[in-house]
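S.K.: Below are the sequence and a predicted model for it; my questions follow.
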Amino acid sequence: MRLYLFTLVSLFMPVGLSAQVVADIVKDSTRYEVQTSAHIMLDEVQVRATSIATTVRNLNLTYITLDSIAIRGRYEQSLMPSINEEVAGLFVTSRGVMGYGVSTGAAGGIKIRGIGGSPTGGVLVLIDGHPQYMGLMGHSVADSYLSIMAGKVEVSNSPASVLYGSNAMGGVINIVSNDYSDDGLHTSLRSSWGSYNSLRTELSTRYRKGAFGSTLNLSYDRTDGHRRNMDFEQLGLYSRLSYEINKRWSASADLSLSGFDASNPGTESTPLEDNDAGITRGAGALSLTNNYGISTGVFRLFYNFGMHEINDGFALGAAPKDYRFNSRDHMFGLQIYQSLSLVSGNTIGAGIDLQRFGGEAWNQFDDGREVDIVDKSLSDYAAYLTVSQRLTSILSISGGIRADRHSVTGTEWVPQGGLTLRLAGSSEIKASVSKGFRNPSIREMYMFPPQNPNLLPERLVSSELSYNARAAGEKLQYSIAVYYIEGENLISTVIREGRPLNVNSDRVENSGFELNIKYSHNNELSFRGNYSYLYMKYPVLSAPENKFFAGVDFSPGKFTGSLGIQYISGLYKDVNNGLKEEYLLLNLRLTYRAGHMFSLFIRGENLLDRTYEIIAGYTMPGTTLDGGFSLTF
């Protein structure tokens, strides 16, 4: 009952996100030289719906942004480790040196404030504003999100379903591609090698001349893994073309491809043989944006696709299975948004989202037979309206509503509300009430024995109060947020009449607080940190009670580096048996600039050589080391 009361209140309360935050983030010009700087921006995040930039100070939800320095300075092929370390309240599961995999035993699950599901369906990943999840399974694939594609990453820890619809009920991770604004050709090559025969290689080239710009990024990564049958190999590509038609209109096209082979060794007590997966994921988009000053807009077509071939493997001493799981999935989407600002301090925005998603799955047997599992496509279309109004020099309010129509589950109404109160100096208070929801996936409704076509959407309401401030002559930035989340209709599998069945039986009631802090002493020394506390009335996997990170960035002379420490406790790895994990990690990265174009670097993870598990039965590697070079010209 309280869920619906919160929803009703939020309909009449000034709303969550102002109209300017609909599609993307402004793309900064960034180079690849490793520096130490302000990696995490707490309240000076530039966001855009089309081409108008504003700061998150005008919004009533707190966003955290990782810039290119934070992303590339970690020397990871995947974006997930950087996000996991730098964002309070967010946790990503892992099982090895490199690669997350798919299916049973996979890692890469994302939880924000305890919301995310298993696999991740409650946190929406975006690339330049368009959704990324599997058309059949309904969840993101962590290995698809590579560092080479990102100029920055923006994370919201609050529901954003009013703007993005299903799957954004726990929050959103928006990966923003980067462009060069200066003319000319710029190329970067980086490669490293280290523990467990792990190789990471990236090649990036960017070109701009006048109104035309292009980007092409390639990566190749592999590892033997720290356990037998845990090898991983991946090839990634990201390309982008942009053209400024005139002062008011611009167009862009982008394509990302990722192909990887991943092996799952099983738990240490029940190892597996030949549990291998070959995965191809791709996404492309065509965008047309306009800027008429008082009105801005975007028209975007996007298409996501995937091909999966999975061998479920077999236990030691058992007979190999005589089939392979195969699937092809797709998602086609259209996004249209236009904002209008006729009066000072007021912005009205309206948008339309259309999606068609689905695919087919089958078992391919060794004797040539094919047994169909599912061949299904569904539709979702939505319209939404947002209004933002500055009432006084210190008070802003905004409101929004979304009507989302799913071809099976029907119509979902999504309100959101909030306000921003600017105090003396650079401090502010934000309050919001946000509804989030997730439609059941094709897998949950139509695939495998627990399937149930009568499932309803998952729903929750989140209330948040935050305080953001700057001090010490702008050198110190910090934010504090407290929240309460209540949800119902969460999908779980139960036994009915001796058979497993997916039902809307679970609830969620989470509360907690988060702290983010950054201090820049000077150009050579800065500090950053975050802490989150999470209380869950109904515990879930992979959502730590306490998550702490503290890091120092330094740049003496030709050296740059960072030292970070992360502490995790109260992390459920087995809810039924009450098994929790606690661990402390120390990581170091050090770079030597041998010249204007050439750098050498080393990286050390888990330098304290701690033994710990994130997924039950999968002991994480001890100390790992690697080193390499970066060449920019």
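M.R.: Nice, I can see it.
S.K.: how far does stretch 125-133 stretch from start to finish?
M.R.: In stretch 125-133, first residue to last residue: 7 Å (Cα to Cα, to the nearest Å).
S.K.: Any regions of this structure where pLDDT drops low?
M.R.: Residues of the chain that meet the criterion pLDDT under 70 lie in 1-62, 179-181.
S.K.: Give me the most central residue, it.
M.R.: residue 173 (3.3 Å; Cα atoms, centre = their mean).
S.K.: Next, the buried residues of stretch 491-503.
M.R.: 491, 502, 503 (16 or more other Cβ atoms under 10 Å). (C-beta placed from N, C-alpha, C; glycine too.)
S.K.: and which of those is nearest residue 564?
M.R.: residue 491 (36.1 Å; Cβ to Cβ).
S.K.: I'd assumed residue 508 was in contact with that closest one.
M.R.: No - contact between residue 491 and residue 508 fails when scored by Cβ atoms under 8 Å: they sit 11.6 Å apart.
S.K.: give the contact list for residue 469.
M.R.: 425, 426, 427, 428, 477, 478, 479 (Cβ atoms under 8 Å, 6 or more residues apart in numbering).
S.K.: swap the cut-off to 6 Å and go again
M.R.: By Cβ atoms under 6 Å, 6 or more residues apart in numbering, residue 469 lies in contact with residue 427.
S.K.: Also residue 406?
M.R.: 380, 439.
S.K.: re earlier: what is the nearest of the buried residues of stretch 491-503 to residue 593?
M.R.: Checking the buried residues of stretch 491-503 against residue 593 with Cβ to Cβ, the nearest one is residue 491 at 51.4 Å.
S.K.: Quickly run through the sheet partners of the longest strand along the chain, with directions.
M.R.: Scanning the chain for the strand with the most residues, using DSSP state E, yields strand 499-522. Paired neighbours of strand 499-522 in the sheet (DSSP bridges): strand 476-496 (antiparallel), strand 525-536 (antiparallel).
S.K.: how about it: buried residues?
M.R.: 502-504, 506, 508-520.
S.K.: One more: stretch 237-255?
M.R.: 237, 238, 239, 240, 242, 250, 252, 254.
S.K.: Just confirm the fifth one contacts residue 212, I think it does.
M.R.: No - with contact defined as Cβ atoms under 6 Å, residue 242 does not count as touching residue 212 (7.4 Å).
S.K.: Sketch out the strands for the stretch 251-400 of the chain, chain order is fine.
M.R.: 272-273, 276-291, 295-310, 314-315, 323-340, 346-365, 370-390, 395-406 (DSSP state E, counting those that start in this stretch).
S.K.: Give the other helices and strands that the fourth one contacts.
M.R.: Right, strand 314-315. Counting contacts by 3 or more Cβ pairs under 6 Å, 6 or more residues apart in numbering; DSSP states H and E, strand 314-315 packs against no other helix or strand.
S.K.: again, only using 7 Å
M.R.: strand 272-273 (3 or more Cβ pairs under 7 Å, 6 or more residues apart in numbering; DSSP states H and E).
S.K.: Show me what counts as buried in the one helix or strand residue 631 maps to.
M.R.: Element membership of residue 631 [criterion: DSSP states H and E] is strand 624-632. Using 16+ other Cβ under 10 Å as the test for burial, strand 624-632 gives 624, 626, 628, 630, 632.
S.K.: quick check, distance from that strand to the centre of its chain.
M.R.: Offset of strand 624-632 from its chain centre (Cα atoms, centre = their mean, to the nearest Å): 26 Å.
S.K.: got it, and stretch 544-562?
M.R.: Put simply, stretch 544-562 sits 22 Å off its chain's centre (Cα atoms, centre = their mean).
S.K.: Just to check, residue 146 is in contact with residue 235?
M.R.: No - applying Cβ atoms under 7 Å, one finds residue 146 not in contact with residue 235, separated by 10.2 Å.
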